[in-house]
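Peer 1: Provided below are the primary sequence and the corresponding predicted coordinates.
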Amino acid sequence: MNSPFQRGSVLIVSLLMLLVLTIIGITAMSTSTLEEKMAGNSRDQNLAFQAAEAGLRDAEAYIEGMASVAAFNGTSGFYNISSAAAPDISSNTTWSGTASIVYKGSDIPNVKTEPRYIIELVSAPGNSGAELESCYGCSSGAGTVTNLRITTRGTGGSDNATVILQEYYGKKF
């Protein structure tokens, strides 16, 4: 015959095994939740990067349609570095209102806010720019290259994920 102690030990061992299985289950669930959050944040950051890239392409197209550098007067997203201070790209006010230019391309899916950009005149015609005669984005034609800096800000699925990209672009006006 089994003693009462032997019958009680089965209960204790069973409860200990149940406790171990519960701890393993909780750990697996919290790890899975953390991985899901990481994947969501990675997707959000990727969306913000793609939106910022789209902003760069939109700014390049805008520059190609410009006929002169007269627009670089420090307003509406056009700045001249030699005559005015560059805007603070870390400030939210730079990316709202008339301080920057709104992306004009087709809607970017799953992005909370359309990308915005500013264009800065780095060197005006007549300044040294001959070293950039064969630069990316330079249009063909005679004359020196006007150097421009494009700064764009894109957001992801939420405005908490932001990416700011800069690119130098050359054009002969």
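Peer 2: Yes, it's here. Numbers count the residues shown, from 1 in each chain.
Peer 1: ok now do M29, which residues does it touch?
Peer 2: Neighbouring residues of M29 by Cβ atoms under 8 Å, 6 or more residues apart in numbering: there are none. For glycine as for every other residue, the C-beta is placed from the backbone atoms N, C-alpha and C.
Peer 1: Quick check: mean pLDDT of the helix or strand harbouring it?
Peer 2: Per DSSP states H and E: M29 is located in helix 4-64. If you average the pLDDT over helix 4-64, you get 91.
Peer 1: now do stretch 69-76
Peer 2: If you average the pLDDT over stretch 69-76, you get 86.
Peer 1: Relative to L56, how far out is G97?
Peer 2: Distance, G97 to L56, by Cβ to Cβ, to the nearest Å: 21 Å.
Peer 1: more crowded one of the two?
Peer 2: Using other Cβ atoms under 10 Å, the more surrounded residue of G97 and L56 is L56, with 20 against 9.
Peer 1: From what I see, that one and R149 are in contact.
Peer 2: No: with contacts counted by Cβ atoms under 8 Å, L56 stays clear of R149, the gap being 11.2 Å.
Peer 1: shared neighbours of those two, which are they?
Peer 2: In contact with both L56 and R149: E167, using Cβ under 8 Å, 6+ apart.
Peer 1: State the phi and psi torsions of N160.
Peer 2: When read as degrees, to the nearest 10, the backbone of N160 gives phi -80, psi -30.
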